[in-house]
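**Q** Dropping a prediction and its sequence here:
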Amino acid sequence: KNSRKKAAKIFLRTRAATAPGIPGYSSRLFSNVTESSGRTSTDAATGGATSPRYVLSGEQKKSFAEKGYAVLPKFLTEDELAPIESIYDRFMSREIKVPGKDFCDMSKSFDTAFEDFSIVNCMLPRVYYPPLQGNIYETLAASVAKQLFPDTDMLLDYDQLLNKRPGKEDAVFAWHQDMAYWPPRDVTPDTRTVTFSLALDATTKANGCLVFLPGSGRKGVLRPHVPIGSSRDDAHAIAVQVTDQEYQEYVQAERGDVTIHDEWVVHGSHGNLTQGNRRTYVVAFRTRETVERERALGFTHSHNTEFNWDAWIDGWDDTKEAALLAKMQQQQQQASNNNNNANNNN
């Protein structure tokens, strides 16, 4: 209990950096990029016209591989942002309905009243509003995922809308690794992931931009995580201990920019001290094998399902393994029965 009470206080430590050029602060990860990167509608390999692509520079690929993150400037234009923003705002006003725990506060308990939310979290918007599927953001993100992992088929695993409301000092994402929320390597051996965060509002230190520990995930080791409250019901989020000796890099982004990061890098963000929103649209790509394994277990990234993000925080044990194997066998048997019935009908 004492450790969990201590964990409730594990948030981001504010560094002394307050202006560009001071260590620990970055307005753009690549302010001096010399190699070409950005938007194109032509496949350079074939010279033929294709769907829109965002071409990564060698520096961006290197940063993703070594640091665990990178910034992709000018990912979307204003014309492309407008229809996405309109749909986003309909979710945030609750005009588009999202059931149960998939519309919650990421920093507070699931029973928090909507008017008291600090970090509005909307899971799986493309599921609850199918017209969002196939938008320009998803298309460009898929092209980037292919460049980062050219030897495998990357699928869009889940999406998420986040908003740090104005003046919410407690709108804090505690230090964490994304893998702590997902099935462990025992279940999904190929963990390769690229998560995209689209800035619908410019992100700054004042409104809670992303903060990373560069290179903290290179070994692919999961640090111990604990709930920030007394339990996962008390507070959904989890946290990992970070020392003052670990270098922190604040990464700001302009509206329309995208930040990408992998599954192991330690990251978090502070609260929103401004009078404006800090709106973010997240999509994550994982390997086909991993997504198919997740779905076979009934893991969809919804908070409303039996095997959700909360299932993994207490670790992986024989009981959980037996339950998941039994579920997989049941699903496989059901699929076999359905195939047999279909063949008999033919």
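**A** Thanks, I have it.

**Q** can you give me the strands for the stretch 1-150 of the chain?
**A** Remark: strands assigned in the stretch 1-150 of the chain by DSSP state E, counting those that start in this stretch are 25-26, 38-42, 49-55, 69-72, 103-105, 119-123.

**Q** Export the ones you listed to TSV and append columns for distance to Gln147, mean neighbour count and mean pLDDT.
**A** Quick note: C-beta positions are derived from backbone N, CA and C, even for glycine. Shown next, in TSV, are the strands of the stretch 1-150 of the chain (distance: least, CB to CB, whole Å; neighbours: other CB atoms under 10 Å; pLDDT from 0 to 100):
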stretch	distance to Gln147	mean neighbour count	mean pLDDT
strand 25-26	22	20	35
strand 38-42	12	13	75
strand 49-55	7	15	83
strand 69-72	11	26	98
strand 103-105	33	23	93
strand 119-123	27	24	96
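
**Q** Over to the residue nearest the centre of the chain. Which of the three states is it?
**A** Nearest to the geometric centre of the chain sits Thr195, at 5.0 Å (CA atoms, centre = their mean). Here Thr195 is strand, with the state taken from DSSP: H, G, I helix; E, B strand; the rest coil.

**Q** try Met179
**A** For Met179, the assignment made with three-state DSSP gives helix.

**Q** ok, the residue nearest to the centre of the chain touching Asp178?
**A** Yes. With contact defined as CB atoms under 8 Å, Thr195 reaches Asp178; the gap is 6.5 Å.

**Q** Give me the common contacts of the two.
**A** Jointly contacting Thr195 and Asp178 under the rule CB atoms under 8 Å, 6 or more residues apart in numbering are 261, 263, 284.

**Q** Could you list the paired strands of the host helix or strand of the last one along with their orientation?
**A** Read it as Ala284. Ala284 is part of strand 278-287 when elements are defined by DSSP states H and E. Strand pairing for strand 278-287, using DSSP bridges, gives strand 154-164 (antiparallel), strand 193-199 (antiparallel).

**Q** So which of the ones you listed is nearest Gly38?
**A** strand 193-199 (15.3 Å; CB to CB).

**Q** Name the surrounding residues that touch stretch 266-278.
**A** 11-12, 14, 69, 118, 163-177, 201, 203-213, 216-217, 223, 240, 242, 246, 261.

**Q** Drop anything exposed from the residues you listed.
**A** 11-12, 69, 118, 163-165, 168, 171-177, 201, 203-205, 207-213, 216-217, 223, 240, 242, 261 (16 or more other CB atoms under 10 Å).

**Q** Can you list which of the residues you listed are found in helices?
**A** Using DSSP state H, no member of the buried ones among the contacts of stretch 266-278 sits in helices.

**Q** Among those residues, which are located in strands?
**A** Counting by DSSP state E, the part of those found in strands is 69, 163-164, 173-176, 210-212, 261.

**Q** if we take those residues, which one ends up nearest to Ala82?
**A** Looking across these and measuring by CB to CB, the closest to Ala82 is Asn163, at 17.5 Å.

**Q** List the contacts of that closest one.
**A** Contact analysis of Asn163 by CB under 8 Å, 6+ apart lists 92, 119-120, 277-280.

**Q** For it, give me the pLDDT.
**A** Here the pLDDT value assigned to Asn163 is 98.

**Q** Tell me the spacing between it and Asn304.
**A** From Asn163 across to Asn304, the span is 20 Å (CB to CB, to the nearest Å).

**Q** before we move on, the earlier item: using JSON lines, please lay out the strands of the stretch 1-150 of the chain together with distance to Asn338.
**A** Formatted as JSON lines, the strands of the stretch 1-150 of the chain follow (distance: least, CB to CB, whole Å):
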{"stretch": "strand 25-26", "distance to Asn338": "53"}
{"stretch": "strand 38-42", "distance to Asn338": "42"}
{"stretch": "strand 49-55", "distance to Asn338": "35"}
{"stretch": "strand 69-72", "distance to Asn338": "43"}
{"stretch": "strand 103-105", "distance to Asn338": "33"}
{"stretch": "strand 119-123", "distance to Asn338": "29"}
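
**Q** who wins for proximity to Asp153 among the ones you listed?
**A** Of all the strands of the stretch 1-150 of the chain, strand 49-55 sits nearest to Asp153, with 16.4 Å by CB to CB.

**Q** List the strands paired with the closest one, with their directions.
**A** Strand 49-55 is paired, per DSSP bridges, with strand 38-42 (antiparallel).

**Q** the helices in the stretch 201-346 of the chain, which residues?
**A** Here the stretch 201-346 of the chain has its helices, by DSSP state H, counting those that start in this stretch, at 288-296, 318-345.
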